[in-house]
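Undergrad: take this sequence and fold it.
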Amino acid sequence: MEILPNNLPEELRGFLSVRGGHSLIIRGNAGTGKTTLALQLMEELVDMESSFYFSTRVSDSVLLAQFPWLAGQLYGNEPGDPISMRSEPEESEVLAVPPGMEAEPSDEESRRLWLNKLKLRGAFDFDVRPGQSFPQNRIDLSELEKIYSAIEGAQGGNLLAVIDSVDALAESCGVNPATVITCIQKDLVEGKKVNIIFVGESNDRYLDYLGDGVVELSIQDLHRRRLREMNILKLRGCPIQQPKYLFTLSGAKVHVFSDRPSQAVTSVRGWRPIPDEMGKVSFGMSDLDRLTKGGMTPGSIVLIELGYGVPLYFTSILEQVIVANFASKHRGVLWVPLKKESVDSVRQRMSSMVAKESFDRYVRVPEIASEVQDSSLSCIMRIEGTNPQLDFSWKNVTYSLREASTPLLSLMGFDTLESIYGSKIMDQLTEHFAAVKRNHGLFIGLVSPSTKSADRLADLATCQLKVDRIGGAVVVYGEEPFTECNVLSIGDDGERTKLDLIPIV
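TA: Next up, the predicted model:
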């Protein structure tokens, strides 16, 4: 999972970059990020000299307070013509209309076919949506005519206009939104080949058939946590490779997450140790420490619960950074990988993060004595494989890691434990848990949906993290402590792998 470097879906970029006029409807309930997305498309896709933002519901000052980057970017035809800053904005405002374009150009009159039809009142009509009414006997098209004049007066460039919102514009005109969209679609989009973004006030689908493209923004609930989702419903003439994106709003910007990683993740390159802070022990990933309010408290039992479909690379990365951070500080680790593999394979997987000499000294990977293939590896901790109480007695663990510093860590994947000892493994680890608490050590249990011990371990855990897969995104959040949803982003700056947990706000 990676956050796109340009923040926006490639599908939308391609759709609005194709020559010829296109209309895009962005709809969603209040607070879903519709205005933010529309303004960002305008900012990133076209020159500011040939773009317009028509606001029919938000004053200039409120917009500039929320989107400070608009200042100095939305101008009229002449450089230095700023957005007007009226102290008492009108109920319906038009932003960035070029000076001198308020009057309708006479040579454009014949091109306003559908607007002129609307002036005749009755040449065409649309049914009003149930529950919605407009004063059809009082039509005032002055605001719509201002939009026509501004667009008709633009010179060159890839013109893009945002109408926010089409519902408010329709109400000010005394017609319904379908009528407004049809006029603009026929006269400006198809007639003048202009790109138009219509921002809708609600998540109602009844206008979708009128636009060339439709994007739906929504806020989903994940166990009382917010998830923002962008659903690309249609883009006429353009393929949709990824129809749904998780996204976050940060700094008045939309940041979407791609389901298509740029590269296969096999190991973490260029990893650096993370220092401890405030008396807590780091996981080896700074954002995971942030999620748990500083890291792990000595003597605690941590549960990391993996949901259905979580990719194997995530569990591999998680185990690697935890083990590497402890070994780099000469602390001892008893490591039972979540997915059973040979000790030599584990050792090779860690070689890019921890020197093999350090791994052999500070890490112990249990292996049944009769199955040991390379007896020369000092990182092997031989076990019988029949009685975990004896195999993992604190006395045996501390003796095996006698050269290591404390606190010692037990990192145990319960899928592997249950495959060796059976589903009642928790009953046989009670003394180990007690010893971890008594000696101010740390215990991290990794469980998957097939782990039978998950519920009992959850009752015992003092810190509980959950990892789910939503679409193609890996989402991490805390049950204890309770946290917001975070999307795992994996990038590469050329020298090292970058692992980030980006909050969905």
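Undergrad: beta-bridge partners for Ile25, please?
TA: Phe198, Val214 (DSSP bridges).
Undergrad: next up, the contacts around it.
TA: The contact partners of Ile25, taken as C-beta atoms under 8 Å, 6 or more residues apart in numbering, are 181, 197-198, 200, 207-208, 210-211, 213-215. In short, each C-beta sits where N, CA and C put it, glycine included.
Undergrad: which one of the residues you listed is nearest to Glu418?
TA: Using C-beta to C-beta, Val215 is the member of the contacts of Ile25 that lies nearest Glu418, at 45.1 Å.
Undergrad: without its sequence neighbours, what residue ends up closest to the closest one?
TA: Ile26 (5.0 Å; C-beta to C-beta, 6 or more residues apart in numbering).
Undergrad: on that earlier part again, which among the contacts of Ile25 end up buried?
TA: Among the contacts of Ile25, the ones that count as buried by 16 or more other C-beta atoms under 10 Å are 181, 197-198, 200, 207, 210-211, 213-215.
Undergrad: and the residues you listed, which is closest to Glu44?
TA: Distance ranking of these against Glu44, using C-beta to C-beta, places Ile197 first at 12.7 Å.
Undergrad: from Ile163, how far off is that closest one?
TA: Going from Ile197 to Ile163 by C-beta to C-beta, to the nearest Å gives 7 Å.
Undergrad: quick revisit: count the neighbours of the residue nearest to Val215 for me.
TA: 28 (other C-beta atoms under 10 Å).
Undergrad: so what's it up against?
TA: Per C-beta under 8 Å, 6+ apart, neighbours of Ile26: 34, 37-38, 197-200, 215, 217.
Undergrad: now do 6 Å
TA: For Ile26, the contacting residues are 34, 37-38, 199, 215, by C-beta atoms under 6 Å, 6 or more residues apart in numbering.
Undergrad: redo the contacts of Ile25 as TSV? Include pLDDT.
TA: Converted to TSV, those look like this (pLDDT from 0 to 100):
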residue	pLDDT
Ile181	95
Ile197	95
Phe198	96
Gly200	94
Leu207	93
Asp208	94
Leu210	94
Gly211	94
Gly213	96
Val214	97
Val215	97
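Undergrad: now distance to Phe443 too, for those, in TSV please.
TA: What follows is those, written out as TSV (distance: C-beta to C-beta, whole Å):
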residue	distance to Phe443
Ile181	60
Ile197	53
Phe198	55
Gly200	51
Leu207	55
Asp208	52
Leu210	59
Gly211	55
Gly213	51
Val214	50
Val215	46
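Undergrad: which of those sits closest to Lys437?
TA: Nearest to Lys437 among these, with distances taken as C-beta to C-beta, is Val215, at 51.4 Å.
Undergrad: mind checking how far Lys192 is from Asn486?
TA: From Lys192 to Asn486 the distance is 44 Å (C-beta to C-beta).
Undergrad: list the buried residues in stretch 416-433.
TA: 416-418, 420-421, 425-426, 428-429, 432-433.
Undergrad: I misspoke; the intended subject was stretch 37-44.
TA: Within stretch 37-44, judged by 16+ other C-beta under 10 Å, the buried ones are 37-43.
Undergrad: and the least confident of these?
TA: In terms of pLDDT, Glu43 ranks lowest among those, with 82.
Undergrad: which element is it on?
TA: helix 34-45 (DSSP states H and E).
Undergrad: for the next helix or strand after that helix, output the C-alpha coordinates as PDB.
TA: Downstream of helix 34-45, the first helix or strand assigned by DSSP H and E is strand 51-55. In PDB, the C-alpha atoms belonging to strand 51-55 read as follows (Å, rounded to 0.1, in the frame of the first residue of the first chain):
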ATOM      1  CA  SER A  51     -10.000  28.000 -14.200                       C
ATOM      2  CA  PHE A  52     -12.900  29.200 -12.200                       C
ATOM      3  CA  TYR A  53     -14.500  28.400  -8.900                       C
ATOM      4  CA  PHE A  54     -18.100  29.400  -8.500                       C
ATOM      5  CA  SER A  55     -19.300  29.300  -4.900                       C
END
